[in-house]
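*Asks:* can't give you the sequence, but here's the structure:
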């Protein structure tokens, strides 16, 4: 494996691990508070960490070089993330983590579909089969 391939695998596995912990910690944390308040608290923590990293790495000066198109799509991504978190916490507060998480993670199927439609990435048998298995697996877990 190339070093770049290894790096993205490590980052992806760390992301999956922390996403799993996020679900468990959130389910415990929202037990006695409003889910929107919980989302706001979580967002502040993320905000402090993200800007801390940007300042530590000295990348804050690059903010003025961001193109309008890039900024629009980053803002849309932030809006989508915020809405995702709000609905995720609502679902987590009222449902079982073991059921909410698989449905949330089934967004993978939508990512694959959207990547074909909007990014022009190739659709092949492997993607179709993998997406189908994700859908079937999600249905097995939630039904």
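*Replies:* Here it is on my side, so go on. As the structure is a computational prediction, the values presented were derived from the model and not from experiment. Numbers count the residues shown, from 1 in each chain.
*Asks:* and the helices in the protein?
*Replies:* In the chain, the segments counted as helices under DSSP state H are 3-29, 35-57, 68-94, 97-105, 107-119, 125-142.
*Asks:* could you single out the most deeply buried of those helices?
*Replies:* helix 97-105 (a mean of 17; mean count of other Cβ atoms under 10 Å). (C-beta placed from N, C-alpha, C; glycine too.)
*Asks:* show me the contacts for the spatially most central residue of the chain.
*Replies:* Central residue of the chain (Cα atoms, centre = their mean): residue 81, 7.2 Å from the mean position. If you count contacts by Cβ atoms under 8 Å, 6 or more residues apart in numbering, residue 81 has none.
*Asks:* TSV for the helices of the chain, including mean pLDDT?
*Replies:* Putting those into TSV (pLDDT from 0 to 100) gives the following:
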stretch	mean pLDDT
helix 3-29	88
helix 35-57	95
helix 68-94	94
helix 97-105	90
helix 107-119	92
helix 125-142	91
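*Asks:* returning to that earlier point: what's the distance between the residue nearest to the centre of the chain and residue 4?
*Replies:* 25 Å (Cβ to Cβ, to the nearest Å).
*Asks:* equivalent analysis for residue 128, please.
*Replies:* For residue 128 relative to residue 4 (Cβ to Cβ), the value is 27 Å.
*Asks:* now swap in residue 50 and tell me
*Replies:* For residue 50, the distance to residue 4 - Cβ to Cβ - is 23 Å.
*Asks:* how about residue 112?
*Replies:* 21 Å.
*Asks:* cool, residue 119 as well?
*Replies:* On the measure of Cβ to Cβ, residue 119 and residue 4 end up 19 Å apart.
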